[in-house]
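Visitor: Below are the sequence and a predicted model; questions follow.
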Amino acid sequence: MKTPILAAALALFSLPATAHEFGFAGVLSASNKGEMPEILLSVGQPLAEGPITLKSGMVYELEIEADGSGELALEGPGFFRAIWVNEVVVNGLEIRPFGLESVEFDEAGTMEIEFLAIKPGQYYLKIPGSKGESQRVDISIQ
């Protein structure tokens, strides 16, 4: 019985290197990070310039900036369920939540959400209760 297990273990460790070798941080390594545009929370202003396209398996940092022009939130339950949130940083404080459904700014400030895009599909982030297209940004995970 030990021989098949030993053979499988040796075969696993002798596999050739793949094109997606990650560093010590695995999928969170610097070689696996993608760029994402900033989202601006401001009364009457568009959230972002056009739709956002992400790749599944890549790590992104979503920076949300509120200008303090109003108490504004950002929701996207479908999007937040399609990603794995590594951390949320607010005023230099790192929060490692189990999950998110929405975030809210009572005053001006910046929040960074580092996440791993997982589930391909079409999603959105929007200001709750808003009807205008500029108050929503469509996000596609491929």
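Guide: Right, received. Where do you want to start?
Visitor: Convert the C-alpha atoms of stretch 83-91 to CSV, please.
Guide: Presented in CSV, the C-alpha positions along stretch 83-91 are these (Å, rounded to 0.1, in the frame of the first residue of the first chain):
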residue,chain,number,x,y,z
ILE,A,83,-14.8,37.6,-4.8
TRP,A,84,-12.7,36.6,-1.8
VAL,A,85,-11.9,39.7,0.3
ASN,A,86,-8.4,39.5,1.7
GLU,A,87,-8.5,42.8,3.5
VAL,A,88,-10.2,46.2,3.9
VAL,A,89,-8.0,49.1,4.8
VAL,A,90,-9.5,52.3,6.4
ASN,A,91,-7.3,55.0,7.8
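Visitor: and it, how far from the chain's centre?
Guide: 8 Å (C-alpha atoms, centre = their mean, to the nearest Å).
Visitor: can you list contacts of it?
Guide: With C-beta atoms under 8 Å, 6 or more residues apart in numbering as the test, stretch 83-91 has contacts from 28, 59, 94-97, 99-100, 103, 109-119, 141. Just so you know, the C-beta spots here come from the backbone N, C-alpha and C atoms, and that holds for glycine as well.
Visitor: Please, which helix or strand holds the nearest residue to I95 once chain neighbours are set aside?
Guide: Closest residue to I95 apart from its sequence neighbours, by C-beta to C-beta, 6 or more residues apart in numbering: V88 at 4.4 Å. Using DSSP states H and E, V88 sits within strand 83-90.
Visitor: For this protein, just list every one of the helices.
Guide: Using DSSP state H, the helices of the chain run over 2-13, 77-81.
Visitor: Name the nearest residue to E63, ignoring sequence neighbours.
Guide: In space, and not counting its chain neighbours, E63 is closest to E38: 4.7 Å by C-beta to C-beta, 6+ apart.
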